[in-house]
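>>> 3D, please:
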Amino acid sequence: MRHLRVPKRQTQSILECINGYEWAPEWSRVISDGEYRLLPLGDNSPSQLPESLSDFEVVQAEQPERPPQHWLEHLPKFLDEQTITLHDGVWPNAQEPLGDILVFKIERQIEEFSQAVALAKISHHKTVRAVFRDHGVTGEFRIRDLQPLAARLDGEILDKNAIESLADVTRENLLVTKMLVREFGVQIQIDPQLAFFSPRLQGERVRNVEAAKKLREMLGRPLNIADPYCGVGPAIVHLLQVDDLVGDLLASDLNGDAIPLLVENLSRNGIKVEASQIDGLTTLADGNFVGIQDALELKNDERFTGQFDMLLVNLPHDTMNHLPHLLSLLKRDSPTLVRGWLVTPENEISRLQNELQNLLTPTLEGQQMVEITPRRQYSSSDWLCRFEAWLNFPLE
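Numbering: from 1, shown residues only. Here you go, the predicted structure:
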């Protein structure tokens with residue numbers, strides 16, 4: 001291929017000039033040549049170059065092979081083309097990066113090829129330490145059932161059998177799932193095998209902050225916030241990033257395994273707490289409440305009645321059953337906000353919206369009635385939806 005040989009310091013400006021022409025190559029790499037760089041002109045470049053490029057030497061050079069742009073391009077290393085073609089459109093493009101591990105689900109009709117899929121994915125994602133197949137969630141706390149299928153150790157890619165043959169300590173260190181993840185500049189300690197966490201809700205966590213700022217502007221003070229399904233605390237961590245946004249805090253969950261991770265996340269973000277302090281739902285020295293608690297029992301504790309400006313209800317499979325038991329936590333004769341999520345079939349959204357509108361009333365003056373907003377498809381039949389209600393309950 002023809003290349004333009006230009007001084008290194010002019011690489012960027014001449015490359016931009018080349019890319020401005022319709023004959024510029026769609027993909028190519030700049031090649032180092034000592035104090036010069038070879039800039040590809042592509043197969044369709046004119047023999048007589050434009051005047052802006054005519055001062056530079058034209059040379060012939062071989063372009064390196066284009067690297068794969070998608071994990072599927074690695075799959076032929078592990079499966080025959082006939083099998084790949086037969087299941088075209090079924091291969092699992094969806095995946096969740098969690099720190100330096102990758103989690104994917106796979107359709108039952110191709111689950112026998114899970115090992116090949118995992119190897120192809122780790123081959124493509126060079127910084128991934130381990131790839132797990134997600135068999136779904138189990139138990140009351142919806143903990144992920146993760147099966148390790150591929151890992152990278154000292155630059156070598158290992159399959160399931162090679163992983164299982166490792167020494168116990170090496171294997172455990174390689175497959176550890178406790179890690180720090182980053183989203184929008186925020187660090188969150190998680191372990192998907194101990195407590196539910198979804199990176200797909202990070203956009204919703206940012207919207208929590210935006211809504212909370214709006215409510216703070218109305219009230220002119222920090223907000224008392226209740227998050228009774230807080231898990232490891234990702235929503236709270238985002239809220240704590242904003243100075244003077246959070247006043248008193250209720251951060252609780254029924255999953256005891258989530259609490260040590262919650263404590264780490266709170267401690268890193270200005271709330272003084274140690275795991276040894278937590279005994280049930282514990283009152284901290286600063287007046288915050290942190291710990292293990294059945295959210296349905298909060299209505300029976302007078303300490304929490306009418307104390308909170310903002311309520312987060314992140315229990316999407318049971319939100320409609322739990323929500324009526326939580327509204328007593330909200331302040332009276334003051335603007336309050338409920339943000340919640342639910343999983344429902346699409347044909348149920350209209351009915352549930354009517355139910356929510358009857359439950360979440362009266363609406364704060366100047367605000368719209370609560371609406372259910374589908375956020376993403378949760379399964380073949382269900383949608384994950386968000387609702388936001390601005391309220392002003394009268395004094396009783």
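
>>> Contacts for the lowest-mean-pLDDT helix or strand in the chain next, please.
Using mean pLDDT, DSSP states H and E, strand 371-377 stands out as the lowest-scoring helix or strand of the chain, at a mean of 87. Residues from elsewhere that reach strand 371-377, judged by C-beta atoms under 8 Å, 6 or more residues apart in numbering: 200, 204, 341-342, 346, 349, 352-353, 356, 383-388. The C-beta positions use only the backbone N, C-alpha and C, and glycine is treated the same way.

>>> Narrow the residues you listed to just the buried residues.
Among the contacts of strand 371-377, those classed as buried by 16 or more other C-beta atoms under 10 Å are 204, 341-342, 349, 352-353, 356, 383-388.

>>> And the residues you listed, which is closest to residue 120?
Checking those against residue 120 with C-beta to C-beta, the nearest one is residue 384 at 27.9 Å.

>>> What's the mean pLDDT across the helix or strand hosting the closest one?
In the assignment (DSSP states H and E), residue 384 maps to strand 382-391. The average pLDDT for strand 382-391 rounds to 94.

>>> report the angle between the axes of it and strand 371-377?
Strand 382-391 and strand 371-377 meet at an angle of 150 degrees, taking axes from the mean of the first three to the mean of the last three C-alpha atoms, to 10 degrees as the criterion.

>>> Parallel or antiparallel, which strands does the least confident helix or strand of the chain pair with?
Next to strand 371-377 in the sheet, as set by DSSP bridges, lie strand 382-391 (antiparallel).

>>> Show me the contact partners of the strand it pairs with.
204, 207, 211, 316, 330, 335-346, 349, 353, 356, 360-364, 367-368, 370-378.

>>> May I see the domains of this protein written out as residue ranges?
Using automatic domain parsing, the domains assigned to the chain come out as 2-60, 71-177, 199-391.

>>> Quick one: end-to-end distance for the first one.
Chord length of domain 2-60, first to last residue, is 5 Å (C-alpha to C-alpha, to the nearest Å).

>>> The second one now?
With C-alpha to C-alpha as the measure, the first residue of domain 71-177 is 23 Å from its last.

>>> what's the spacing between it and its chain's center?
Centroid separation for domain 71-177 versus its chain: 18 Å, with C-alpha atoms, centre = their mean, to the nearest Å.

>>> where do the helices sit along the stretch 51-200 of the chain?
81-86, 114-124, 160-164, 168-174 (DSSP state H, counting those that start in this stretch).

>>> deepest of the ones you listed, which one?
Among the helices of the stretch 51-200 of the chain, helix 114-124 has the highest mean neighbour count (mean count of other C-beta atoms under 10 Å), at a mean of 22.

>>> Which residues does that helix contact?
So helix 114-124 is contacted by 68, 70-75, 77-79, 91-92, 95, 102, 104, 106, 110, 128, 130-133, 147, 149-152, 157, 159-160 (C-beta under 8 Å, 6+ apart).

>>> Buried residues, stretch 297-312. List them.
Neighbour counts over stretch 297-312 (16+ other C-beta under 10 Å) mark 298, 304, 306-312 as buried.

>>> One more: stretch 328-347?
For stretch 328-347, by 16+ other C-beta under 10 Å, it's 328-331, 335-342, 344.

>>> Show me which pair in those is furthest apart.
331 and 344 (28.7 Å).

>>> still on that earlier bit, export the least confident helix or strand of the chain as PDB, just CAs?
Extracted in PDB, the C-alpha atoms of strand 371-377 (Å, rounded to 0.1, in the frame of the first residue of the first chain):
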ATOM      1  CA  GLU A 371     -45.300   7.700  35.400                       C
ATOM      2  CA  ILE A 372     -43.700   4.300  34.600                       C
ATOM      3  CA  THR A 373     -40.800   4.600  32.200                       C
ATOM      4  CA  PRO A 374     -39.400   1.400  30.600                       C
ATOM      5  CA  ARG A 375     -35.600   1.500  30.800                       C
ATOM      6  CA  ARG A 376     -34.500  -1.700  29.200                       C
ATOM      7  CA  GLN A 377     -35.700  -5.200  28.400                       C
END
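
>>> how about residue 325, phi and psi?
phi -80, psi -10 (degrees, to the nearest 10).

>>> Could you point out the helix or strand that follows the host helix or strand of residue 13?
Using DSSP H and E, residue 13 sits within helix 11-19. Where DSSP H and E defines the elements, the next helix or strand beyond helix 11-19 is strand 31-33.

>>> what lines up beside that next one in the sheet?
Sheet neighbours of strand 31-33, with direction, are listed as strand 36-40 (antiparallel) (DSSP bridges).

>>> next one: the partner strand to chain centre, how far?
Per C-alpha atoms, centre = their mean, the centroid offset for strand 36-40 relative to its chain is 39 Å.

>>> before we move on, the earlier item: any idea which of the buried residues of stretch 328-347 is closest to residue 87?
Nearest to residue 87 among these, counting by C-beta to C-beta, is residue 344 at 30.4 Å.

>>> give me the beta-bridge partners of that closest one?
Here residue 344 sits in beta bridges with residue 383, as judged by DSSP bridges.

>>> Pull the contacting residues for it.
352, 382-383, 385.

>>> With distance to residue 196 added, can I get these in CSV?
As requested, the contacts of residue 344 are exported to CSV (distance: C-beta to C-beta, whole Å):
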residue, distance to residue 196
352, 22
382, 16
383, 18
385, 18
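
>>> what's the farthest-apart pair in these?
So, these by C-beta to C-beta: farthest apart are 352 and 382, at 12.1 Å.
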